[in-house]
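J.: curious how this folds, go ahead:
(one chain, ligands or ions: 2)
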Amino acid sequence: MTVHIGAEKGQIAETVLMPGDPRRAQWAAETFLKDAELVNEVRGMLAYTGTWNGHRVTIHGSGMGMPSLSIYANELITQYGAKTLIRIGSCGAMQSHVKIRDVIIAMTATSISTPSRGIFREINFAPCADWSLLRAAVETAEAKGIAPHVGGIYSSDVFYDERPDLSDIMTRHGILGVEMEAAELYNLAARHGVRGLAVLTVSDHLQTKEALPADERERSFGEMVEIALGAAFANS
Ligand SMILES: O=P(O)(O)O[C@H]1O[C@H](CO)[C@@H](O)[C@H]1O
Ligand SMILES: O=c1cc[nH]c(=O)[nH]1
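T.: Ligands and ions are numbered 1, 2, ... in the order given. Presented below is the predicted three-dimensional model:
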């Protein structure tokens, strides 16, 4: 057990899927895993371990924002031995060709800052996805007839943005969508030599102002879960 995770050693799998929403963790575990067992509920941050096609998987909520994800990902990697961490999140689309419910696979994650900023100081580190996972995620999606958008995303520190000019700059530089966790996941994965990826579903559109309701964000994003699971075990 750690300060934030109640699981015993051995109750967390080497492969961890991380939605921001703990209720999405519950839904995904109940929908996709066999014999899913609740392994954490400290602070309501639900986590389940079960199997998918015979492979052990944990689905653990990250909470919203990079400081929250950083706590869970750090403990999962350093205390429980997680080796593959895939964020399964929602995001806002920043390009007109990206539509609501589309899937984005994040090659890079731009940010203004992350919890790792203090370490990097004058360095502008480029947080990027693990290549083997990225490739496997694209192949898994295409095999399912899903055409994902693959490219850069923006990890913001705020949901309610008082600087819309920043979103405009991101859009002008081809950034596909905005969310709040992936850049720090990629930083931590690089630091600890593990595999990190973010697979996202578009829940909002910054240009059209469309937005899906909370229940859909919790329970209807199955394609990205299937892509994440397929990618995690592509070579197993
Ligand atoms: O749906 P999740 O995975 O929480 O992701 C997105 O949704 C939250 C904001 O509503 C932020 O955590 C953002 O990254
Ligand atoms: O962080 C997020 C998530 C969904 N939609 C947004 O606009 N931002």
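J.: quick one: neighbours of the nearest residue to residue 196 once chain neighbours are set aside, just the number.
T.: Excluding the flanking residues, the one nearest residue 196 by CB to CB, 6 or more residues apart in numbering is residue 189, at 3.0 Å. In short, each C-beta sits where N, CA and C put it, glycine included. Neighbourhood size, residue 189 [other CB atoms under 10 Å]: 24.
J.: try residue 60
T.: 29.
J.: and residue 210, what is it in contact with?
T.: By CB atoms under 8 Å, 6 or more residues apart in numbering, the contact set of residue 210 is 100, 204.
J.: just residue 174 next, same as before
T.: 95, 151-152.
J.: for the chain, what spans make up the strands?
T.: Assigned by DSSP state E, the chain shows strands spanning 15-18, 34-40, 47-52, 55-60, 84-93, 103-111, 149-155, 177-179, 195-205.
J.: tell me the mean pLDDT over the second one?
T.: Put plainly, it is strand 34-40. For strand 34-40, mean pLDDT rounds to 98.
J.: also the first one?
T.: Per-residue pLDDT values across strand 15-18 average out to 98.
J.: out of the contacts of residue 174, which comes closest to residue 119?
T.: Within these, the smallest distance to residue 119 is 21.9 Å, found for residue 152 (CB to CB).
J.: any idea how far that closest one is from ligand 2?
T.: 15 Å (CB to the nearest ligand atom, to the nearest Å).
J.: same check on residue 120?
T.: 22 Å.
J.: pLDDT value on that residue, please?
T.: Taking residue 120 on its own, its pLDDT is 95.
J.: equivalent analysis for residue 220, please.
T.: Taking residue 220 on its own, its pLDDT is 75.
J.: does stretch 15-33 reach ligand 1?
T.: Yes: using CB under 6 Å from any ligand atom, stretch 15-33 reaches ligand 1 at 19-21.
J.: lowest average confidence, helix or strand, in the chain?
T.: helix 214-219 (a mean of 81; mean pLDDT, DSSP states H and E).
J.: give me the spatial nearest neighbour of residue 221, chain neighbours excluded.
T.: Nearest non-adjacent residue to residue 221 (CB to CB, 6+ apart): residue 201, at 4.3 Å.
J.: so what's the one you found scoring on pLDDT?
T.: 97.
J.: ditto for residue 147
T.: pLDDT at residue 147 comes out at 96.
J.: what about it? Give its phi and psi, please.
T.: Per-residue torsions, residue 147: phi -100, psi 100 (degrees, to the nearest 10).
J.: right, and it touches residue 104 too?
T.: No: taking contacts as CB atoms under 8 Å, residue 147 lies outside contact range of residue 104: 11.2 Å.
J.: who's more crowded, those two?
T.: residue 104 (26 against 11).
J.: how about the contacts made by the more buried one?
T.: 91, 98, 148-151, 153, 176-177, 199-202.
J.: 6 Å instead?
T.: Residue 104 sits next to 149, 176-177, 200 when contact means CB atoms under 6 Å, 6 or more residues apart in numbering.
J.: in JSON lines, list these along with neighbour count and distance to ligand 1.
T.: Shown next, in JSON lines, are these (neighbours: other CB atoms under 10 Å; distance: CB to the nearest ligand atom, whole Å):
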{"residue": "149", "neighbour count": "19", "distance to ligand 1": "16"}
{"residue": "176", "neighbour count": "26", "distance to ligand 1": "14"}
{"residue": "177", "neighbour count": "30", "distance to ligand 1": "10"}
{"residue": "200", "neighbour count": "28", "distance to ligand 1": "8"}
